[in-house]
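K.L.:
Here's my sequence, what's the structure:
(2 chains, ligands or ions: 2)
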Amino acid sequence: MRRMSVRALPLLVLPAARATPWTAFLAAAGVGLAIVAVPAVFRVELTVEDLVGLLRAAAVCGALGLAFLLDDPAARTIATVPTPRPLRYAARAGVILPAAAAWWALVLTITGHGALLPLGGVTVEAAALGAVALAVGAVRLRSGDNGGIVAAPAVLVLVVAASRIPPHLALYVPPGDERWAAAHHRWAALLAAAVLVSVWAAVEPVRARSSMMTEID
Amino acid sequence: MTVAAATSVVHASGLTLRYGRTAALTDVSFTLYDGVTGLLGPNGAGKTTLLRIVATALPPDQGTLSVLGNDPRTPAGRLAVRRRLGYLPQDPGFHPGFTAFEFVDYVAILKELTDRRARHQEVSRVLDAVGLSGQRGRRIRALSGGMRQRVALAAALAGDPDLLVLDEPTVGLDPEQRLRFREVIAELGEGRSVLLSTHQTEEVMALCQRVVVLDGGTVRFEGTPADLAAHARGRVWTSGARVAGALASWRAGDGRYRNVGDPPAGAELLEPTVEDGYLMLVDTPAREETGR
Ligand SMILES: Nc1ncnc2c1ncn2[C@@H]1O[C@H](COP(=O)(O)OP(=O)(O)OP(=O)(O)O)[C@@H](O)[C@H]1O
Ligand SMILES: [Mg+2]
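P.N.:
Ligands and ions are numbered 1, 2, ... in the order given. Here you go, the predicted structure:
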């Protein structure tokens, strides 16, 4: 029985690729590329700290683009098909996550100075932001049609909040800072939490929350 | 009144659903049999909410539900229902860049029709059934509203489901397509089950073996169209002038007034229609309340 659904997955990739709202992603990815490309093209001399700042700005753009990934104007029409929602989301993720990874690789390549930069740490930051965008979008889609219009502002709020956290819990720390490793443990935890929330949100509840509460009572 | 030897396809008991503070359904119970059942009710009565619950798009807060012999409150039961269900939402959405064929094909894949050749045959069949064969290669963004509605209907029909749940399926259809729809649904209703909501009482007359009337989130009537019409027996009369105290009074094609409500003594009574019965049912308590 379950095999039937999984077998639909490869068949879904092509329609999923066409149904994906690419415009938002391409626009955001384009801005992200421009942020790192302009100094590279004009050969502006930048410090490591400046370069990390540019990569962080590009990562925010990428996350804003991912915020709209799960939006689906046909969601109501396909609300009761037997193919489970996590599988439908997986088909989309299977299309856009490789695209996002390729985009990030391009951003890093254009930025250059690979040997000087803490690429691993910055990549974890970018992945965490992207995952938060997806998670908020998926949670929103449990009760509404448009995930992106909530998820995109949520990413911005997170970024602003992250830059104001007290120093001993900071997320955004300058490269070379002694708190770098600890901060990136926190980014990794955020990434893991966002992935878990996404998976939870993708699964459709069979019972209403209120009835679950009455049953627990 | 009872449909002899009919098998129950949906059985709902005590369904209750709230959206925050709004009680959309309160203690709704009904049974659905083979054939076509119409769901009537004013705007905001809870029709869409009830159809979404039956179609497993929305779990109820309370109550029990059996659909095609399965309990949608378990993952396995819900999956079993979805494998045999076609659902047309009230306001269907699309991927505007897909052609009509591609979109229905996409839904058919989601309905687990994995064999390409059989699926394409099925997609052609349902597009033909809704009269869209000639438009199958056109992008949905270039289709008219009524054509889009038919694309969504075709998507619901794909896979030949045992139970069809249709929320205002004929909205936006021209008269020819409406008739065509009736043909398709009447054919489907033989041996299978269709539950459709509508604001058109003549559609209920033309199509439905049974009617459920929902008002204010509760079931006000469950029975045959004839029984619903009978609610207004002795309450419909004709007169030469407009009657001020009637529930409804309008000038018919023959120039005389048709009135629904409490007739005066000696009034010339008419045979009631489903619409008259519906009007009596839904309008009466509201009037009594305002009179109090
Ligand atoms: N998502 C929602 N959030 C809050 N209230 C809602 C929501 N959906 C419906 N309602 C309310 O629930 C009640 C029933 O709505 P429903 O859409 O089921 O009615 P309906 O009978 O389908 O009406 P219509 O004939 O206009 O389609 C209404 O009072 C409506 O305002
Ligand atoms: Mg409705």
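K.L.:
and stretch B:176-193 with chain A, contact?
P.N.:
No. Judged by C-beta under 8 Å from any C-beta of the partner chain, stretch B:176-193 makes no contact with chain A; its nearest approach is 15.1 Å. The C-beta positions use only the backbone N, C-alpha and C, and glycine is treated the same way.
K.L.:
May I see the buried residues of that stretch?
P.N.:
B:177-178, B:180-181, B:184-185, B:188-189, B:192-193 (16 or more other C-beta atoms under 10 Å in any protein chain shown).
K.L.:
got it, and stretch A:171-179?
P.N.:
For stretch A:171-179, burial by neighbour count (16+ other C-beta under 10 Å) applies to A:171, A:173, A:175.
K.L.:
Save those residues as a markdown table, and put in pLDDT too.
P.N.:
Formatted as a markdown table, the buried residues of stretch A:171-179 follow (pLDDT from 0 to 100):
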| residue | pLDDT |
| --- | --- |
| A:L171 | 92 |
| A:V173 | 92 |
| A:P175 | 91 |
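K.L.:
Of the residues you listed, which fall within the contact range of ligand 1?
P.N.:
Residues of those in contact with ligand 1 (C-beta under 6 Å from any ligand atom): none.
K.L.:
so A:L116, which of the three states?
P.N.:
Three-state call for A:L116 (DSSP: H, G, I helix; E, B strand; the rest coil): coil.
K.L.:
That one and A:A59, how far apart?
P.N.:
Going from A:L116 to A:A59 by C-beta to C-beta, to the nearest Å gives 18 Å.
K.L.:
These two: which has the busier surroundings?
P.N.:
A:A59 (24 against 12; other C-beta atoms under 10 Å in any protein chain shown).
K.L.:
distance of that one from B:V243?
P.N.:
Separation of A:A59 from B:V243 (C-beta to C-beta): 73 Å.
K.L.:
residues touching the residue in chain A that ligand 2 sits nearest to, list them.
P.N.:
Relative to ligand 2, the nearest point of chain A is A:R76 (12.2 Å; C-beta to the ion). By C-beta atoms under 8 Å, 6 or more residues apart in numbering or on different chains, the residues touching A:R76 are A:145, B:57, B:89, B:91-93.
K.L.:
Stretch B:134-145 and chain A in contact?
P.N.:
No. Using C-beta under 8 Å from any C-beta, stretch B:134-145 stays clear of chain A, coming no nearer than 9.5 Å.
K.L.:
wait, doesn't B:A230 sit right on B:D276?
P.N.:
No. Using C-beta atoms under 8 Å, B:A230 is not in contact with B:D276, being 9.7 Å away.
K.L.:
the more surrounded of the two?
P.N.:
Between B:A230 and B:D276, counted using other C-beta under 10 Å, B:D276 has the larger neighbour count: 26 against 16.
K.L.:
Where does the prediction get shaky in chain B?
P.N.:
Along chain B, the model assigns pLDDT under 70 to residues B:1-7, B:284-292.
K.L.:
Which residue ranges of it form helices?
P.N.:
B:47-54, B:75-82, B:100-110, B:116-129, B:145-157, B:175-189, B:201-207, B:225-230, B:274-291 (DSSP state H).
K.L.:
again, but for chain A
P.N.:
Going by DSSP H, chain A shows helices at A:2-19, A:22-41, A:48-66, A:85-111, A:119-141, A:148-162, A:180-202, A:209-216.
K.L.:
mean pLDDT lowest for which of those helices?
P.N.:
Lowest mean pLDDT within the helices of chain A: helix A:209-216, a mean of 47.
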